[in-house]
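> Here is the input, now give the coordinates:
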Amino acid sequence: MDMIQVAAALLSAMLHAGWNAAVKASRDPARAMTAQMVLSAAFTVPGLFWSGLPASGAWIWIAASTVMNILTVSALLRAYELGGFGIVYPIVRALAVLVVVPLAAGFAGDRLGPAALAGIAVMTLSLAALAYDAARDRAVTGQALAWTFAAGLGTGAYILCDAQGVRAAGSPWAYGFTVALTNAAAMCWRRRRSGAPWTQLGGQWSVGVPTALAAMASYLLILWVWSHAPIAPASALRDTSAIFAILIAVLWLKEPFTRTRMVAVLLAASAVPLLRLG
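Modelled structure (predicted):
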């Protein structure tokens with residue numbers, strides 16, 4: 001991976017952690033998530049006029065990604081209710097890496113060198129340490145873990161769909177803008193009993209606008225990376241979002257910086273050059 005691709009994946013990770021933390025910290029995460037997706041779609045409409053629609057070969061992946069994304073969001077919101085951000089988020093990201101790495105070779109033909117494989121292993125160990133640290137401090141129910149595992153598997157599935165779709169689309173921008181619209185439409189259908197889409201924005205503008213901007217920037221960045229770089233190491237870099245989430249919690253929310261969290265951050269930092277070499 002080139003340095004510009006590494007930098008883009010890391011920036012995507014930071015933005016992803018930031019907007020997820022903001023949604024979880026809101027008074028009504030489900031409404032905040034819906035507002036983020038609706039506003040993301042609204043913001044991307046002008047871009048779609050500029051980019052045009054994706055190539056026809058991408059539409060099957062767009063449909064699959066949309067279905068998997070909505071299932072994942074549903075599981076994630078439920079997991080957040082039961083387990084908390086500090087437990088759920090690291091486990092979801094670690095599971096996504098474990099799903100993507102073996103399947104990327106079969107579905108996308110990616111072949112990884114020893115350095116990339118070592119980097120992915122170190123990154124997974126880092127995320128597992130974060131999950132262990134969070135779980136050690138709180139009681140985790142079986143139901144919470146079940147929803148978390150479902151969200152992790154769904155995350156890995158839509159990552160593979162997006163990575164394949166963006167390569168078939170001919171343009172990461174056309175693909176990203178289109179998926180933003182289909183995701184918003186699917187989320188509004190899922191939340192149809194809560195009212196029309198515009199009613200979902202009531203009281204959510206202060207959360208919805210910045211999270212929508214961060215989410216779309218994060219998504220477009222990683223789509224661009226996937227269109228140029230192997231899926232597995234790029235996804236592992238993107239999953240440093242769990243590390244950024246810890247740093248946000250420590251620096252902004254004044255949560256404790258435990259020894260395990262320090263080890264996890266150092267492991268993640270050591271994985272970056274390995275992934276770059278791979």
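
> Tell me which stretches of the protein form helices.
All helices of the chain, identified by DSSP state H, fall at 3-25, 29-51, 59-83, 85-108, 114-137, 142-169, 172-190, 205-226, 231-238, 241-251, 259-277.

> Can you pull out the low-pLDDT segments for the stretch 51-200 of the chain?
Filtered on pLDDT under 70, the stretch 51-200 of the chain yields the residue ranges 86, 101-102, 104-112, 131, 134-140.

> change it to 80
When residues are selected by pLDDT under 80, those of the stretch 51-200 of the chain lie in 83-91, 93-95, 97-117, 119-120, 123-124, 126-142, 194-200.

> Residue 132 - how many residues pack around it?
For residue 132, the count of nearby residues is 14 (other CB atoms under 10 Å). C-beta coordinates here come from the backbone N, C-alpha and C atoms, glycine included.

> scratch that, residue 193 is what I was asking about
Residues near residue 193, counting by other CB under 10 Å: 5.

> and the gap between it and residue 39?
21 Å (CB to CB, to the nearest Å).

> likewise residue 216?
9 Å.

> who has more neighbours, these two?
Between residue 216 and residue 39, counted using other CB under 10 Å, residue 39 has the larger neighbour count: 25 against 22.

> surely that one meets residue 209?
Yes - with contact defined as CB atoms under 8 Å, residue 39 reaches residue 209; the gap is 6.2 Å.

> re earlier: do you know which of the helices of the chain lies nearest residue 198?
Taking CB to CB, helix 29-51 is the member of the helices of the chain nearest to residue 198, at 8.0 Å.

> got the CA positions of the closest one in CSV?
Taking C-alpha atoms only, helix 29-51 is exported to CSV below (Å, rounded to 0.1, in the frame of the first residue of the first chain):
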residue,chain,number,x,y,z
PRO,A,29,-29.0,6.5,19.1
ALA,A,30,-31.5,5.1,16.7
ARG,A,31,-32.9,8.5,15.8
ALA,A,32,-29.4,9.9,15.6
MET,A,33,-28.3,7.1,13.3
THR,A,34,-31.3,7.6,11.1
ALA,A,35,-30.7,11.4,10.9
GLN,A,36,-27.0,10.7,10.0
MET,A,37,-28.1,8.4,7.1
VAL,A,38,-30.8,10.7,5.8
LEU,A,39,-28.5,13.7,5.9
SER,A,40,-25.7,11.8,4.3
ALA,A,41,-28.0,10.9,1.4
ALA,A,42,-29.1,14.6,1.1
PHE,A,43,-25.6,15.8,1.0
THR,A,44,-24.5,13.4,-1.7
VAL,A,45,-27.3,14.2,-4.2
PRO,A,46,-25.3,17.0,-5.9
GLY,A,47,-22.3,14.7,-6.0
LEU,A,48,-24.3,12.1,-7.8
PHE,A,49,-25.2,14.5,-10.6
TRP,A,50,-21.5,15.2,-10.9
SER,A,51,-20.3,11.5,-10.8
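
> Identify each buried residue in it, please.
29-44, 48, 51 (16 or more other CB atoms under 10 Å).

> ok, and what's touching it?
With contacts defined as CB atoms under 8 Å, 6 or more residues apart in numbering, helix 29-51 is touched by 19, 22-23, 26, 73, 77, 80-81, 171, 173-174, 176-178, 180-181, 183-185, 187-188, 191, 194, 197-198, 200-201, 203-205, 207-209, 211-213, 215-216.
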